[in-house]
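**Student:** Please find the sequence and the predicted model below.
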Amino acid sequence: MATLSPLLAAQLEQWRAGGMQIVFTNGVFDILHYGHVSLLEHARSLGAVLIVGLNSDASARGLGKGSGRPVMDQHARSEVLLALTCVDSVALFDEPTPLELIRLIRPDVLVKGGDYELDRVVGRDFVESHGGHVELVPLVPGYSTTEIIRRICEGK
């Protein structure tokens, strides 16, 4: 079951009390690249605060992205994300989807990449039920971790 750290829970209360728009996105974010940064910066532009739900190592392995994935462990992936000025907080989740985390955070805006269709966005119904909305952000062509790993392995 997803939980929030006491620090994040307190920050959420402060942000909400200040009327700040909370944006949430999620993913594995393995081998951070331009496509990730573009999505995260766009997501941050949609509100005052960006929280990233990060698949734990166990959750990421369950997504079927291939052997040896994630390449970077959850601690390293979290620290790299937190180094970006557009990311305000990172919350790990062990479940296959971030639904429980979304329910705990209650974001105003839920962001996913443009490879999703609105009716497939996990948490959409919940976010919309409390007045929030979902934004689909166009992907940067040619940038995916799987493709980058393939090119590295092929020496290209």
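**Tutor:** Received it, and whenever you're ready, just let me know what you need. Because the structure is a prediction, the values reported are computed rather than measured.
**Student:** What are the contacting residues of stretch 72-87?
**Tutor:** 28-32, 37, 40-41, 43-44, 50, 52, 54-57, 60, 70, 89-90, 92 (CB atoms under 8 Å, 6 or more residues apart in numbering). Where you see a C-beta, it was placed from the backbone N, CA and C, and this is true even at glycine.
**Student:** out of those residues, which are buried?
**Tutor:** 28-32, 40, 43-44, 50, 52, 54-57, 60, 70, 89-90, 92 (16 or more other CB atoms under 10 Å).
**Student:** Among those, which ones are in helices?
**Tutor:** Within those, residues falling in helices by DSSP state H are 40, 43, 44, 57, 60.
**Student:** Show me which of these is closest to residue 10.
**Tutor:** Nearest to residue 10 among these, counting by CB to CB, is residue 44 at 20.9 Å.
**Student:** Reduced to three states, what does the closest residue to residue 144 other than its chain neighbours come out as?
**Tutor:** The shortest distance from residue 144 to any non-neighbouring residue, by CB to CB, 6 or more residues apart in numbering, is to residue 35 (6.5 Å). Using DSSP: H, G, I helix; E, B strand; the rest coil, the structure places residue 35 in helix.
**Student:** from memory residue 35 sits against residue 143, does it?
**Tutor:** Yes: counting by CB atoms under 8 Å, residue 143 is a contact partner of residue 35 at 3.1 Å.
**Student:** Between those two, point out the one with more neighbours.
**Tutor:** Relative neighbour count places residue 35 above the other of residue 35 and residue 143, with 18 against 15, counting by other CB atoms under 10 Å.
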